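A.B. asks: Could you look at this predicted model? Sequence included:
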Amino acid sequence: MRPAFGGPRLLLRRLREVMAEQISAQERLDKIVVLIAANMVAEVCSVYVLRVDATLELYATQGLNREAVHLTVMRAGEGLVGLVAQTAESLNLSDAQEHPSFSFKPETGEEIFHSFLGVPILRGGNTLGVLVVQNRAHRKYEEDEVEALQTTSMVLAEMIASGELSALAPPGQEPAARRPLHLPGEGLAEGVGLGHVVLHEPRIQVTKLIADDPARELVRIEAAIEALRAEIDHMLDAEDVARGGEHKDILEAYRMFAHDRGFVRRLKEAIGTGITAEAAVERVQSDNRARMMRQTDPYLRERMHDLDDLANRLMRQLTGAKGEVRMDLPDNAIVVARHMGPAALLDYDRSRLRGLVLEEAGATSHVAIVARALGIPTVGQAANVTSLADPGDAIIIDGATGEVHLRPTSDVESAYAEKVRFRARRQAQYAAIRHLPAVTRDGVEVKLNLNAGLMVDLPFLEETGASGIGLFRTELQFMVANALPRTAEQLDLYRKVLDAAGDRPVTFRTLDIGGDKVLPYMDVIQEENPAMGWRAIRLGLDRPGLLRSQVRAMLRAGAGREVRIMFPMVAAVEEFDAAKAIVERELTHLRRHDHRMPDRVQIGVMVEVPALLFQLDELLPRVDFLSVGSNDLVQFMFAVDRGNSRIANRFDVLSPPILRALRLLARKGREHGKPVTLCGELASRPLEAMVLAGLGYRSLSLSPAAMGPVKSMLLDLDLSRLSALLDDLIDQPRQGASIRQRLRDFAEAEGVTL
Ligand code: PEP
Ligand code: MG
């Protein structure tokens, strides 16, 4: 027979009283274990707290030897308590000593207890400790008792997270709740950011855990679930979603969960233990997060993310909070998000934004492109960071190495502060050479242009002393807009760009959309290989309306000036001819309608598809210039997806196959008397830029942050010595393809700073 059970609600009421008492943290803990033991008719109740050194320390007990408090320490994973901490799952055993993980701690005197119930103390999916009850008799604890203990552990979680217990421990052994964390991610935009966490989607803090009137809480949760279901149905009906695509799949998953009986039952059971509806949502969400953190299957993780989102929505229904609560940004804001669109990033006040951390973004995601354009240090692939970080936490991110330090120790802080000072010194040096032309020691000038795409990029022209804009990615304007920009809006932007550039040349690239660059307001086309799919000029030629309106806007913006237009992803000479015909047609149209004409129109092609390498003698006579898009060219030459970090380091661009292709392009350009420039990320890395200069490139286009380092490298360089070495290295048959180290050695020997 199961012993009499005082009932979880009574227990929670008592707990509330204890929490309100003006007593020390230890006294409070001691009272809590006595209460729980009495309420659950257990001979033992103990609280173990996870410490920063990843061990579990006995903080309070009723029933075990009290002398063992603060002395008994075990590793996470050791014994039954360690197992609960490690798995973040409850363990309910009628004969604990039979369990293979059982380990005996003589100082506690626990050998006589047979039954064991341990629940993890969780907050936001993180384990902060373990709460245990034990009985002498062989008994299995009932479901409602497990529930009640889990609920009680929420109270303890708040107590630990508040820092109240920290005073009970010597340095190095404090509770781990607020421990420093080092999270490895992927660097998406260079720079170091020091600041404080701002959650992009702020969590709603549940301030009231214990219900005054449980029946009312049940009514509230039912109403909130109904409202949530209606909200999802409404979103699914919305016209733009009804056409299908990824968004719709996510909503379908939400709908499935919102109607899932298990989900609803778990919420109601949690309320049944005496907590508020909000606390019930938090509990279910925290359990889900704990599972999500351990889940390695990407599909299942994704579904758990969906459930997490759904719980957030339910919480908003309950509290009436709006989705986008944008509080005032602190001065040094580091925004932390699961994912984010480029438009959302632009909503933040840039003057206060010091960095961005995302759980789910790769280097070529749109938000990463925009973050780089804005010069915001960014780290992606930072697993679970939104659960681990609390608003206001100190945080340091390194956009070069992809590291995130949450609640950093003072050592880490001072190391990074030094790094920032060093960078600032370098920046001051770069500013000092801003107005110098990039001329090598042996007198060769390499024009350094800027890669840009948004209005916010324009001040960089002055700040970096760029020769012009070598690549204006026009699709960025389309990606951050809510609707397809009209010709008039495009015209306005292009005019502003040309005005800002003054007499510096600007090369506009026509839209490179399609494939993975999806516009939120356009139909999604599912393709197996979007990078090689219906994108860029292919889409432009098949649906010429869009391309025409864009070309018209460019030509009109360039009235009385030079207009440079280039086409992305051209794979065949015929495609260039067709695209050029569109420009000519638009010129004729403008002439007929008496518009003021551009002074000069230069039409070029991006070399991104390897097939163009074998059509250069046909192509070069037709074009005014070529610009190498090394991001795509390299991805297609090595057949390595540019967004896939798993294979990113498999081949080195600084190896003969790519360098021979780049040299061929430069040579052919010279032969035909046509300028060949390069505008992929390659030119933004000093060592690679050095090689490009050595191969004969006299014009490069790079990201704003790279301008100083690349110019400083060029000023140190003796180009003739490099060119001789390069030919030798590229043509020699060799073991091991990369020549990176040889080039680094050259730079070092020559005193070239990279
Ligand atoms: C490139 O492919 O190198 C390039 C500059 O274009 P994008 O990165 O926009 O594809
Ligand atoms: Mg490209």
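C.D. replies: Now that the structure is in, tell me what you want to look at. Ligands and ions are numbered 1, 2, ... in the order given.

A.B. asks: can we go C-alpha only for contacts and neighbour counts from here?
C.D. replies: Will do.

A.B. asks: Look up phi and psi at the residue in the stretch 651-754 of the chain positioned nearest to ligand 1.
C.D. replies: Nearest residue of the stretch 651-754 of the chain to ligand 1, counting by Cα to the nearest ligand atom: residue 680, 3.5 Å away. Torsion angles at residue 680 (phi, psi; degrees, to the nearest 10) stand at phi -80, psi 180.

A.B. asks: likewise residue 186?
C.D. replies: phi -120, psi 130.

A.B. asks: Quick check: pLDDT value at the residue in the stretch 201-350 of the chain that ligand 1 sits nearest to.
C.D. replies: Nearest residue of the stretch 201-350 of the chain to ligand 1, counting by Cα to the nearest ligand atom: residue 342, 14.8 Å away. You'll see residue 342 listed with a pLDDT of 73.

A.B. asks: Say whether ligand 1 is contacted by stretch 694-701.
C.D. replies: No: figure legend: stretch 694-701 not in contact with ligand 1 (Cα under 6 Å from any ligand atom); closest approach 8.9 Å.

A.B. asks: Please measure how far the first residue of that stretch sits from its last one.
C.D. replies: Length of stretch 694-701, first residue to last, Cα to Cα, to the nearest Å: 16 Å.

A.B. asks: still on that earlier bit, what's the pLDDT at the closest residue to the residue of the stretch 201-350 of the chain closest to ligand 1 other than its chain neighbours?
C.D. replies: Of all residues not flanking residue 342 in the chain, residue 367 sits nearest, at 4.4 Å (Cα to Cα, 6 or more residues apart in numbering). At residue 367, the pLDDT value in this model is 80.

A.B. asks: ditto for the one 3 residues further on
C.D. replies: Model confidence at residue 370, expressed as pLDDT, equals 80.

A.B. asks: How about residue 326?
C.D. replies: pLDDT recorded at residue 326 is 56.

A.B. asks: picking up where we left off before, mind checking how far the residue of the stretch 201-350 of the chain closest to ligand 1 is from residue 660?
C.D. replies: From residue 342 to residue 660 the distance is 36 Å (Cα to Cα).

A.B. asks: Look at the two and report which has more neighbours.
C.D. replies: Neighbour totals were compared for residue 342 and residue 660, and residue 342 leads with 19 against 15 (other Cα atoms under 10 Å).

A.B. asks: Using PDB, list the CA coordinates for the helix or strand containing residue 146.
C.D. replies: Assigned by DSSP states H and E, residue 146 falls within helix 143-161. Taking Å, rounded to 0.1, in the frame of the first residue of the first chain, the C-alpha atoms of helix 143-161 are listed here in PDB:
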ATOM      1  CA  GLU A 143       3.000   9.400 -11.300                       C
ATOM      2  CA  ASP A 144       1.400  12.200  -9.400                       C
ATOM      3  CA  GLU A 145       4.200  12.100  -6.800                       C
ATOM      4  CA  VAL A 146       6.800  12.300  -9.600                       C
ATOM      5  CA  GLU A 147       4.900  15.300 -11.000                       C
ATOM      6  CA  ALA A 148       4.700  16.900  -7.600                       C
ATOM      7  CA  LEU A 149       8.400  16.600  -7.000                       C
ATOM      8  CA  GLN A 150       9.100  18.000 -10.400                       C
ATOM      9  CA  THR A 151       7.000  21.000  -9.700                       C
ATOM     10  CA  THR A 152       8.700  21.500  -6.400                       C
ATOM     11  CA  SER A 153      12.000  21.400  -8.100                       C
ATOM     12  CA  MET A 154      11.000  24.500 -10.100                       C
ATOM     13  CA  VAL A 155      10.900  26.400  -6.800                       C
ATOM     14  CA  LEU A 156      14.400  25.200  -6.100                       C
ATOM     15  CA  ALA A 157      15.500  26.100  -9.600                       C
ATOM     16  CA  GLU A 158      14.500  29.700  -9.100                       C
ATOM     17  CA  MET A 159      16.300  29.800  -5.800                       C
ATOM     18  CA  ILE A 160      19.500  28.500  -7.400                       C
ATOM     19  CA  ALA A 161      19.300  30.700 -10.400                       C
END
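
A.B. asks: for stretch 49-66, what is the average pLDDT?
C.D. replies: What stretch 49-66 shows for mean pLDDT is 92.

A.B. asks: residue nearest the centroid of the protein?
C.D. replies: The chain has residue 358 as the residue nearest its centroid, 2.1 Å off, counting by Cα atoms, centre = their mean.

A.B. asks: check contacts around the residue in the stretch 401-550 of the chain that ligand 1 sits nearest to.
C.D. replies: In the stretch 401-550 of the chain, the residue that lies nearest ligand 1 is residue 473 (6.4 Å; Cα to the nearest ligand atom). Contacts for residue 473 were tallied using Cα atoms under 8 Å, 6 or more residues apart in numbering; they are 451-453, 508-512.

A.B. asks: Against residue 80, how distant is the nearest residue to residue 47 once chain neighbours are set aside?
C.D. replies: Counting by Cα to Cα, 6+ apart, residue 131 is the residue found nearest to residue 47 once chain neighbours are left out, at 4.8 Å. According to Cα to Cα, residue 131 stands 11 Å off from residue 80.

A.B. asks: The closest residue to ligand 1 within the stretch 151-300 of the chain and residue 702, how far apart?
C.D. replies: Ligand 1 sits closest to residue 188 of the stretch 151-300 of the chain, with a gap of 13.6 Å, by Cα to the nearest ligand atom. As judged by Cα to Cα, residue 188 and residue 702 stand 16 Å apart.

A.B. asks: Compare those two (neighbour count), which wins?
C.D. replies: Using other Cα under 10 Å, the more surrounded residue of residue 188 and residue 702 is residue 188, with 30 against 26.
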